[in-house]
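J.: okay, here's the prediction I keep looking at, along with the sequence it came from:
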Amino acid sequence: ITFGNSLKYLDSSDPNFNDTTTIPELKFDKLLDSLSRLVPRFQFDLPPYFINNARALSTLEGIARSLDPTFNVLTIMYPYALNRLLRNPSQSPVVERTLQQLIRSEVDGRVDRKKMKRLLRDSATISGLPKRRVVWDIMKEREGRKLVVDI
């Protein structure tokens with residue numbers, strides 16, 4: 001499996017699509033190890049603060065896992081990530097494009113109800129929150145209310 005394929009969000013029409021969602025696990029120590037192998041291979045520079053932040057997150061994650069072996073950082077990051085994705089305070093075209101790819105049909109550009117339903121289900125699974133709470137979190141943001149109007 002290639003790196004690009006590992007990041008691919010499968011479409012329900014894809015034969016490899018499995019309708020059950022598992023919560024992905026993000027381990028900062030493994031991420032840092034992988035990055036340390038990729039940097040010299042592809043000759044790109046990471047700012048020192050990135051490495052320091054990754055080490056700090058890896059340490060904090062290790063402490064949290066020692067206290068609770070079921071700890072998953074993605075469940076903690078979900079509300080923040082959802083808020084940033086919807087608000088896009090930096091007006092980043094990459095963030096906007098990512099959101100649009102997650103919710104719109106590639107064929108006609110309209111909001112795809114299946115994609116929205118899957119995104120809602122995945123958000124509820126990852127966060128451990130009920131779907132109603134996820135919808136409420138979305139509706140609290142002005143951009144979230146605009147999204148609902150598009151549906």
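T.: Everything's here; your move.
J.: alpha carbons only for contacts and neighbour counts from here, please
T.: Fine.
J.: nearest the geometric middle of the chain, what residue?
T.: Centroid-nearest residue in the chain, with CA atoms, centre = their mean: residue 81, separated by 7.0 Å.
J.: may I see the buried residues of the host helix or strand of that residue?
T.: Using DSSP states H and E, residue 81 sits in helix 73-87. Residues of helix 73-87 classed as buried: 73-75, 78-79, 82-83, 85-87 (neighbour count, 16 or more other CA atoms under 10 Å).
J.: dump these into TSV; add pLDDT and distance to residue 102 as well.
T.: Listed next are the buried residues of helix 73-87 as TSV, based on pLDDT from 0 to 100; distance: CA to CA, whole Å:
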residue	pLDDT	distance to residue 102
73	79	22
74	75	18
75	76	19
78	75	15
79	73	17
82	77	12
83	75	15
85	82	11
86	78	12
87	81	15
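J.: quick check: longest helix in this protein by residues?
T.: Identified as the longest helix of the chain according to DSSP state H is helix 48-67.
J.: I'd like the average pLDDT over that helix.
T.: Helix 48-67 comes out with an average pLDDT of 86.
J.: in that helix, what's buried?
T.: 55, 57-58, 61-62.
J.: that helix to helix 73-87, inter-axis angle?
T.: Relative orientation of helix 48-67 versus helix 73-87 (axes from the mean of the first three to the mean of the last three CA atoms, to 10 degrees): 130 degrees.
J.: what about residue 37, how many neighbours?
T.: If you count neighbours by other CA atoms under 10 Å, residue 37 ends up with 10.
J.: sorry, that was for residue 141
T.: Applying other CA under 10 Å, we find 14 residues neighbouring residue 141.
J.: so it is in contact with residue 88, correct?
T.: No: using CA atoms under 8 Å, residue 141 makes no contact with residue 88, being 11.0 Å away.
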